[in-house]
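> For reference, the sequence and a predicted model appear below.
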Amino acid sequence: MESITIHDKNFVPYLKHDEIQELIKNLAEKVYEDYKDETPIFVGVLNGVIMFFSDFLKYYKGKCEIAFLQVSSYSGTQSTGIVYKKMDLTKDVVDRHIVLMEDIVDTGNTLENLFEYFKNTQRPKSLKVASLLLKPDVFQKDFTIDYVAKEIPNKFVLGYGLDYDELGRNLPDLYQLEEGRINH
Ligand code: XMP
Ligand code: MG
């Protein structure tokens, strides 16, 4: 894996596609252990979740349904703290077991907003969260993330669905921002 440049920033290789697959397989098995007697709805939080969501489903061997919604809080490589709902939930989940699927949990603002939204409008039977990545050093909330594939340091990452100003989502591997070097 080589370093890459996206817009004005350099990114160094962080996690290879095969390593990511192994993490997701383990996570899917854990979720299955908890939900094998139910038909959960996996709710993907777009856009960053696309690759994780798709690979997770291939490893999940139980009955399940899927839905999506879209929110946004990032501008460039910084969280703005404001969460915008861009696309409404694609399926009614009232009285169902749902698992929110996230690419990455950073401050936890997005999830906090989503919890409110589900509590006020959908009232699912249960709500848990599965995230591919978690930045524990920045996560400031008092709820826990039920399933996490990997905890990572507080550095901006890209690839495997995650973007820097909309570019880089199609990279099969994960990259980390190289600090202290800016291209002009
Ligand atoms: P919060 O702070 O609300 O952030 O937990 C969650 C959302 O912000 C995006 N995010 C990132 N996107 N590289 C990205 O490409 C990152 O390092 C990163 N950190 C947070 C992401 O959309 C996530 O759902
Ligand atoms: Mg996201």
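Nice, I can see it. What you see is a predicted model; the values in this text were computed from it and never measured. Ligands and ions are numbered 1, 2, ... in the order given.

> Just name the shakiest helix or strand of this protein by mean pLDDT.
Here the helix or strand of the chain ranked lowest by mean pLDDT, DSSP states H and E is strand 78-87, holding a mean of 78.

> anything in it near ligand 2?
No. Judged by CB under 5 Å from the ion, strand 78-87 stays clear of ligand 2, getting no closer than 10.1 Å. The way it works is simple: take the backbone N, C-alpha and C, and place the C-beta from them, glycine included.

> Just give the number of residues close to the closest residue to residue 4 other than its chain neighbours.
Spatially, and ignoring its direct neighbours in sequence, residue 4 is nearest to residue 11 (5.3 Å; CB to CB, 6 or more residues apart in numbering). Burial of residue 11 is recorded as 22 neighbouring residues (other CB atoms under 10 Å).

> Quick one, grab the pLDDT at the residue in the chain that ligand 2 sits nearest to.
Distances from the chain to ligand 2, computed as CB to the ion, single out residue 48 as the nearest residue at 3.8 Å. You'll see residue 48 listed with a pLDDT of 96.

> and what of the one 5 residues further on?
Per-residue pLDDT puts residue 53 at 98.

> Span of stretch 50-66 from start to end?
End-to-end distance for stretch 50-66: 12 Å, by CA to CA, to the nearest Å.

> How about residues contacting it?
For stretch 50-66, contacts defined as CB atoms under 8 Å, 6 or more residues apart in numbering pick out 20-21, 24-25, 27-29, 31-32, 35-36, 38-44, 91, 101, 103, 130, 132, 149, 160-161, 169.
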